[in-house]
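Asker: Sequence and predicted structure below; questions after.
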Amino acid sequence: MFPDDRDQFAKFKLAAKPIYALVSCMDSMFLLRRGLSELMTPQATKAKVYDDKGIVELGGLSDLYSNAILDPGAIIGLWEYDSKAAFRSAWVVPRAALQESKRFAKHNTASDAAYSRHW
């Protein structure tokens, strides 16, 4: 690491307010990685989710079966688009993230449901 980069890295502070991002399950953040639990919050690793074998812990998956909700680089939940309700349904997320997801869904259409979004 270059000295200037090291100084900037040492000064970096996480934002006090969460910054949620709805991303595709094929986002480059985790597309070619195994051991997704390293990218999750402790709360998210223990959450129960569906996969092709039934209900499992999210931290035990090597690939995501749903799109992810990130909060500065950590997987905090999953989302899918519900076309009947015209809403992105979310699981495993703090209440604040769910509120943001509902607000976000009101202003976006189904045509962008599978693409990464930040707010």
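Answerer: Nice, I can see it. Numbering: from 1, shown residues only.
Asker: make it CA atoms for all contacts and neighbour counts henceforth
Answerer: Fine.
Asker: measure the spatially most central residue of the chain to residue 33 for me?
Answerer: Closest residue to the average C-alpha location of the chain: residue 69 at 1.9 Å, with CA atoms, centre = their mean. According to CA to CA, to the nearest Å, residue 69 stands 17 Å off from residue 33.
Asker: same check, this time on residue 24
Answerer: Taking CA to CA, one finds residue 24 at 14 Å from residue 33.
Asker: Residue 12 now?
Answerer: According to CA to CA, residue 12 stands 25 Å off from residue 33.
Asker: which one of the two has more residues nearby?
Answerer: residue 33 (12 against 9; other CA atoms under 10 Å).
Asker: tell me the pLDDT at that one?
Answerer: Note on residue 33: pLDDT of 78.
Asker: Also residue 98?
Answerer: On the pLDDT scale, residue 98 gets 60.
Asker: Tell me the secondary structure at the closest residue to residue 51 other than its chain neighbours.
Answerer: If the residues on either side of it in the chain are set aside, residue 51 comes closest to residue 65, at 6.3 Å by CA to CA, 6 or more residues apart in numbering. Recorded secondary structure, residue 65: coil (DSSP: H, G, I helix; E, B strand; the rest coil).
Asker: on that earlier part again, tell me the contacts of the residue nearest to the centre of the chain?
Answerer: If you count contacts by CA atoms under 8 Å, 6 or more residues apart in numbering, residue 69 has them with 20, 21, 22, 23, 75, 76, 77, 78, 79.
Asker: what comes into contact with the helix or strand residue 49 falls within?
Answerer: Here residue 49, judged by DSSP states H and E, is contained in strand 48-51. Strand 48-51 has contacts (CA under 8 Å, 6+ apart) with 55, 56, 57, 58, 65.
Asker: Appreciated, that's everything.
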